[in-house]
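Colleague: structure, please.
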Amino acid sequence: MAVDPSHDHDQLPCGTSADALLGHLRAGTATGHERTCPHCRAAAEEFRPLLSALDSAPDEGREITAPPGLLDDVMRTVRAEGRSRETLRLSGPGTGDTPGDTRIRHSAVSAMLRVCVDPAGGLIIGGCRIRNTPDGLVVAATARILNGTVIPEATAAARQAMGSFVEDRLGLRVARIDIDVTDVIELP
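Modeller: From the prediction side, this is the model:
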């Protein structure tokens, strides 16, 4: 088995190094590309809590305190997770007339749905609720959108990605996917 020694794992799809972007954001010297590229803007949004924590890092002798709003951000994420014990029965081998059963928790499906939407499209999926109906899976998601992103296009792309994931990877039907845009993200 060959091991790839390259360090491309820290590069964004546009080729920008994640480390370089973080350094530029921290120094306030983001390049024109980094300010306009959807991949860099999405990564910058993901780095925001880290940058906030770094900016408020104590000097020697100063007391350590959490950045304002950090607790609210963490609790919003925890509540969005909703560790449901409900499961979905997956189709395929192990179902029907054959012995065995394959199930997956709603919380696991929610997590996978959030990451299957590329944040470079300007939409970042937050909470995701799932309900299994006779017509198929109903997904209700919340999202934040980067300022300047066309909402109908971004939500359509997200619905397509989520629907393909449910049908192609889980083997389930989709009845409906609702996305509620709850916040606009302003980047410097």
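Colleague: domain map for the chain?
Modeller: According to automatic domain parsing, the chain comprises the domains 12-55, 71-185.
Colleague: reformat those domains as a markdown table; add mean pLDDT and mean neighbour count.
Modeller: Yep, even glycine has a C-beta here, placed from its N, CA and C like the rest. A markdown table is the format used below for those (pLDDT from 0 to 100; neighbours: other Cβ atoms under 10 Å):
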| stretch | mean pLDDT | mean neighbour count |
| --- | --- | --- |
| domain 12-55 | 81 | 15 |
| domain 71-185 | 82 | 15 |
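Colleague: touching stretch 138-158 from outside, list them.
Modeller: Under the contact criterion Cβ atoms under 8 Å, 6 or more residues apart in numbering, stretch 138-158 has outside partners 38, 41-42, 45, 80, 113-114, 117-118, 121-132, 162, 166, 174-187.
Colleague: and these, which of them are in helices?
Modeller: P38, R41, A42, E45, A80, L113, R114, M162 (DSSP state H).
Colleague: distance to T149 added to the residues you listed, as a markdown table?
Modeller: Listed next are these as a markdown table, based on distance: Cβ to Cβ, whole Å:
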| residue | distance to T149 |
| --- | --- |
| P38 | 8 |
| R41 | 9 |
| A42 | 10 |
| E45 | 11 |
| A80 | 21 |
| L113 | 19 |
| R114 | 17 |
| M162 | 17 |
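Colleague: pick out the most distant pair among those.
Modeller: P38 and A80 (23.5 Å; Cβ to Cβ).
Colleague: residues touching the helix or strand where A111 lies, excluding its own?
Modeller: Counting by DSSP states H and E, the element that carries A111 is helix 106-116. With Cβ under 8 Å, 6+ apart as the contact definition, helix 106-116 has outside contacts at 81-84, 86-88, 125-130, 139, 141, 161-162, 164-166, 169-170.
Colleague: which stretches in the protein count as strands?
Modeller: 87-89, 103-105, 123-133, 136-146, 174-185 (DSSP state E).
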